[in-house]
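**Q** Okay, here's the prediction I keep looking at, along with the sequence it came from:
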Amino acid sequence: MKRTEDKPKQTSCRLRELTAQLHQLEAKLLLGGGSEKIEKQHRQGKLTARERIDLLLDKNAYAQEIGLLVAYDQYKETEGSKQKAEGRNKEEEVGGAPAAGVVTVVGCVEGREVVVVANDATVKAGSWWPETIRKILRAQEIAMRCHVPIIYLVDSAGVNLPYQVSVFPGQYGASRIFYYNSIMRRYLKVPQISAVMGPCIAGGAYLPALSDVIIMVEGTSFMGLGGANLVKGATGQTIDNETLGGALAHNELSGVAHYRVQNDEACIAKIREFVSELPVKSERVSSTPSAKAKTPAEKIYEVIPEDHRQPYNMRELLDCLLDEGQLDEFQADYAREIITGHARIRGIQVGIIANHRGMVKSPAGGPPRFGGIIYTESAEKVAYFIETCSRHQTPLLFVQDVSGFMVGPEAEHSGIIRAGAQFVEAMATALVPKIVLTVNHASGAGYYAMAGQGFDPDFIFSWPTGRMGVMEGDSAVQAVFGSQLEKLRAKGEEPSLELEQEMNRVRANYEKELDAKYAAARGFVDAVITPEETRDTLELSLRTSLNYDGPHIGQFVLPPSLV
């Protein structure tokens, strides 16, 4: 399912060790509820969610899973437990909700970019955790923003009842799924295809009902506002689920469904047929799969420093991402602590904004500037570049390794607040697709300005080395304990053992929360990807985003006739 241009050599380094840990975690999560639950699914005559997706997507075409790590560290494996495991040290106590029980993928069907949402019935019968809702909403937002078809493979027992208070109500509760369904169906004209391939119960039945097409599988699918047991309790009537809401009932009697197929394989074939019949706009963005980077991705393992605080050459890193390493740099001699320019990724034109991490000499003979810090001039430079790209309809790639905005009297007196606001406004209001790749730091307000998640980038990814937070642990210790330490130093005293332990606890907690996997588990990034996958991921993200040449701002934009 994945295409990579080169394989890494086996040498030890921080990035490689983190990548190996990521692969180990992913392998566990890809098993869903485990081999026994997979076999149970097969005995029922059903494929698993991942088997269905593999059959649905084009062979040998790259696909990117969104949110694989979501909730991986948050729920105990004990069946029926509702206790979260935040702050626990024993990893074996968590992992009861792999991928939050739903698989969300961006891939290609019949050569066309699509979003797929598939309930994983091997995980608590495909029931909905709070994080399940957030993953489905994120997938729908991608489909809405990019105007690509979305395919639902439904196989869910409904709300995970111990967590119903976090699933059912609220602005971003389960009902918002149906709100997005309705907006896509009525106004955005985004194709929605639903395949009921197992149970589809209660309010969840509105998801297929609000789609354009409903397919049901004979013998294994059920759709109803209440199952046979609920009907018995509510009305006293005795009926089996197949008669109540099976494939034949909804195709022959109610007319709710549109197609009835024999098995999962026939269902997937029917979906592929539907997608092939959808109209395609005349000018589709094409890429050049044969285009190569100047330097193999293997070099990235050498470029990223062992200590995240150390400098490195961002241009060497860009050589591993851009076609032939060619960057037509914009204002190359001005505000050199940040890099802007035009490039291509697999033949697709893109505007690059990247934080330079080395020291930069001042051309006027002043003090050097720190790489990764945004100064007044660099904020103004990027704001102008973003506005130019937006006018020219050039998508933007933010290669994020930012420690924040500069502070101090010189920065404040130079108007950095005003310049920073210009940067943020230009980024927030740009009408073009925005894609984020965090390679190291994503700190402070610099993270916001470099298209942080709150500003609705089309896609946001991180390498395993990504570190997302307000500040680093040492800075937090200084902020929290600084005055206390200063008083001790004034008295010529050393911190007590208790104070040292408390400071170390703060550092350790920050280190855990800064980890890219921690961010991914909470949906702060769409995926943690490896260097070898990066060009594939960026190409697919760009192609998907460029299906829609309208404004890419907010979760969705209604047609002008309604505004």
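**A** Nice, I can see it. Numbers count the residues shown, from 1 in each chain.
**Q** Dihedrals phi and psi, Glu498?
**A** As for Glu498, its main-chain torsions (degrees, to the nearest 10) stand at phi -60, psi -40.
**Q** Who are the packing partners of the helix or strand bottoming out on mean pLDDT in the chain?
**A** Within the chain, judged by mean pLDDT, DSSP states H and E, the helix or strand with the poorest mean is helix 228-235; its value is a mean of 73. Packed against helix 228-235 by the contact rule (3 or more CB pairs under 8 Å, 6 or more residues apart in numbering; DSSP states H and E) you find helix 241-245. Placement of C-beta: from N, CA and C, glycine included.
**Q** Contacts for the least confident helix or strand of the chain next, please.
**A** Contacts to helix 228-235, defined as CB atoms under 8 Å, 6 or more residues apart in numbering, come from residues 226, 237-241, 244.
**Q** Can you tell me which of those comes closest to Asp319?
**A** Nearest to Asp319 among those is Asn241, at 58.8 Å by CB to CB.
**Q** how near is that closest one to Val382?
**A** 58 Å (CB to CB, to the nearest Å).
**Q** Quick check on those two: which one has the bigger neighbour count.
**A** When Asn241 and Val382 are compared for neighbours, Val382 comes out ahead with 26 against 18, by other CB atoms under 10 Å.
**Q** List the contacts of Asn160.
**A** 101, 124, 127-129, 132, 167.
**Q** Likewise for Ile66?
**A** Per CB under 8 Å, 6+ apart, neighbours of Ile66: 104-106, 135, 138-139, 142, 526-527.
**Q** Neighbour-wise, which one of these leads?
**A** Asp526 (29 neighbours).
**Q** Leaving out sequence neighbours, find the closest residue to that residue.
**A** Of all residues not flanking Asp526 in the chain, Ile66 sits nearest, at 4.8 Å (CB to CB, 6 or more residues apart in numbering).
**Q** Report pLDDT for the one you found.
**A** For Ile66, the pLDDT comes out at 98.
**Q** how about the helices in the stretch 51-200 of the chain?
**A** 130-146, 164-167, 175-183 (DSSP state H, counting those that start in this stretch).
**Q** Highest mean neighbour count out of the ones you listed?
**A** Each of the helices of the stretch 51-200 of the chain was scored by mean neighbour count; the highest is helix 130-146, a mean of 24, by mean count of other CB atoms under 10 Å.
**Q** Can you tell me which helices and strands that one packs against?
**A** strand 64-66, strand 102-109, strand 112-119, strand 150-156, helix 164-167, helix 175-183, helix 534-545.
**Q** switch the cut-off to 6 Å
**A** strand 102-109, strand 112-119, helix 164-167, helix 175-183 (3 or more CB pairs under 6 Å, 6 or more residues apart in numbering; DSSP states H and E).
**Q** Can you tell me what sits against it?
**A** With contacts defined as CB atoms under 6 Å, 6 or more residues apart in numbering, helix 130-146 is touched by 67, 70-71, 100-102, 104, 115, 117, 150, 163, 166-167, 174, 176-177, 180, 184, 188, 190, 458, 523, 544-545, 547-548, 552, 555-556.
**Q** Report the angle between it and strand 102-109.
**A** 20 degrees (axes from the mean of the first three to the mean of the last three CA atoms, to 10 degrees).
**Q** all strands of the stretch 351-500 of the chain, in order?
**A** Taking DSSP state E, counting those that start in this stretch, the strands of the stretch 351-500 of the chain run over residues 373-374, 396-402, 404-405, 434-443, 459-462, 467-469.
**Q** now the third one: mean pLDDT?
**A** Which is strand 404-405. 93.
**Q** Partner strands of that strand, with direction?
**A** Sheet pairing of strand 404-405 (DSSP bridges) gives strand 373-374 (parallel).
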